[in-house]
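> Requesting a structural model of the entry that follows:
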Amino acid sequence: GPGEVRGAAARWLTGREVGGELSDPVLLRHLLWIAVASGLPLQLHAGLGEPGLRIDRTDPVLLTDFVRTTAGLGTDLVLLHGYPYHRHAAHLAGVFPHVYADSGA
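Okay, the predicted model is just below:
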């Protein structure tokens, strides 16, 4: 609820390094749903990216439950890049009409 989000935000704001990444699951979930509620396309990076990323956590298939839940809400999801999981991104785009895959660099 709102108290959980406020608590997570306070912890992140007081404990983060300048330029540090946001990794708190409560805040990430909250921000994702705010983005969905906006009705604007939501871009989600998948696959290889910054050094230090755990490749096993970048497979777009991991978004399947989120993709199912957002179906019919009016927000398109755009899976960016995706390599080496570009076929998984293409599969999600083929199965769900609100999902698009952009495999450009």
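
> buried residues in stretch 22-42?
The neighbour-count check on stretch 22-42 (16 or more other C-beta atoms under 10 Å) flags 24, 27, 30, 35-36, 42 as buried. No exception for glycine: its C-beta is placed from N, CA and C like everyone else's.

> low-scoring stretches of the chain, by residue?
Low-confidence segments of the chain (pLDDT under 70): 105.

> which residues of it fall in helices?
Along the chain, counting by DSSP state H, helices occupy 2-15, 25-38, 64-70, 86-95.

> Looking at those helices, which is nearest to V78?
helix 86-95 (9.1 Å; C-beta to C-beta).

> Tell me who's in contact with the residue nearest the centre of the chain.
The centre of the chain sits closest to L44, judged by C-alpha atoms, centre = their mean, with a distance of 4.6 Å. Residues in contact with L44 (C-beta atoms under 8 Å, 6 or more residues apart in numbering) are 60, 63, 77-80.

> Which residue ranges make up the domains of this structure?
For the chain, the structural domains run 1-38, 39-105, going by automatic domain parsing.

> for the longest one, the distance to its chain's centre please.
It stands for domain 39-105. 8 Å (C-alpha atoms, centre = their mean, to the nearest Å).

> again with the shortest one
Centroid separation between domain 1-38 and its chain, computed with C-alpha atoms, centre = their mean, is 13 Å.

> that older thread, of all the helices of the chain, which one comes closest to D102?
Across the helices of the chain, closest to D102 is helix 86-95 (C-beta to C-beta), at 8.5 Å.
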